[in-house]
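> only geometry, no sequence info:
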């Protein structure tokens, strides 16, 4: 009896130590840097913060970041749902290849992805001469930024849905089809309600990566101020120019978007857990 009590106390102490260690690491690596960003952003007062984020170059970077995310996220949502449906509901030749392609952006450095687009669409690239002759700009322009963002973000929705849809199986869809429902009706009435929280979770992660992507976008953007600088790139430019307050002010917008993403992610996890229970 006494041994059980001692073991219980030791287990409780170990759990407390682990929780304290995890919280300490999280505070050191996440909370403290976030507080530093907010402190430096408002070091010159609210007026200076507003002036920094309302600067024409900053507004252009914000608009470009949100615009690219607004295009990339829906496209990757459609791709993610379609690929997850194919990989989880069917067996076909090339399935392993498709699954490998879905995972490819996780294995390839974003900088390498950007260099690939330079080699393909740059002036000295494989089709760069043809693009130049037809006055089509891909790299060092918005299309290149969009392509790079699409590449680094397209696994998120698919990877969130594939295990979920595989676990659910296809019995419900087959039953609906046998009762006369067409493919679209089966998806809307049967599949979508079962994957809605996983889909929303994947969209949130995809959007967060799209707005915060730096490496691939940095390579293909050309850093043209007011034209091809996204918000992360604009923060880097300001910091390199020793405009620290303005840099942190713009970084605080990214931090705010990250906090909103975290809140939405938590809400989705809670609602998903309640429905599962």
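Everything's here; your move. A quick note: this is a predicted structure, and the numbers were derived from the prediction, not measured.
> residue ranges with poor pLDDT in this structure?
Counting by pLDDT under 70, the ranges of the chain that qualify are 1-14, 273, 275-277.
> tell me, what residue is most central in it?
residue 209 (2.4 Å; C-alpha atoms, centre = their mean).
> what about that one, distance to residue 233?
The gap separating residue 209 from residue 233 is 15 Å, by C-beta to C-beta, to the nearest Å. C-beta: built from backbone N, CA, C; applies to glycine.
> try residue 93
Residue 93 is 42 Å from residue 233, by C-beta to C-beta.
> those two: which has the busier surroundings?
residue 233 (23 against 6; other C-beta atoms under 10 Å).
> can I assume the more buried one is in contact with residue 214?
Yes: the criterion here is C-beta atoms under 8 Å, and residue 233 meets it with residue 214 at 7.0 Å.
> mind giving me the domain ranges of this protein?
Domain assignment for the chain by automatic domain parsing gives 10-41, 44-271.
> what residues sit buried inside stretch 249-269?
249, 250, 251, 252, 253, 254, 255, 257, 261, 264, 268 (16 or more other C-beta atoms under 10 Å).
> and stretch 70-80, by the same measure?
So, applying 16+ other C-beta under 10 Å, buried residues of stretch 70-80: 72, 73, 76, 77, 79, 80.
> save the residues you listed as JSON lines, and put in secondary structure too.
Formatted as JSON lines, the buried residues of stretch 70-80 follow (DSSP: H, G, I helix; E, B strand; the rest coil):
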{"residue": "72", "secondary structure": "helix"}
{"residue": "73", "secondary structure": "helix"}
{"residue": "76", "secondary structure": "helix"}
{"residue": "77", "secondary structure": "helix"}
{"residue": "79", "secondary structure": "helix"}
{"residue": "80", "secondary structure": "helix"}
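> format those as TSV; extra columns: distance to residue 167.
Below are those laid out as TSV (distance: C-beta to C-beta, whole Å):
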residue	distance to residue 167
72	28
73	25
76	22
77	20
79	21
80	17
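> neighbours of the closest residue to residue 141 other than its chain neighbours, how many?
Distances taken as C-beta to C-beta, 6 or more residues apart in numbering put residue 228 closest to residue 141, at 6.4 Å, once the chain neighbours are dropped. Using other C-beta under 10 Å, residue 228 has 21 neighbouring residues.
> what residues does whatever helix or strand residue 185 lives in touch?
Using DSSP states H and E, residue 185 sits in helix 183-186. Here helix 183-186 makes contact (C-beta atoms under 8 Å, 6 or more residues apart in numbering) with 173, 176, 177.
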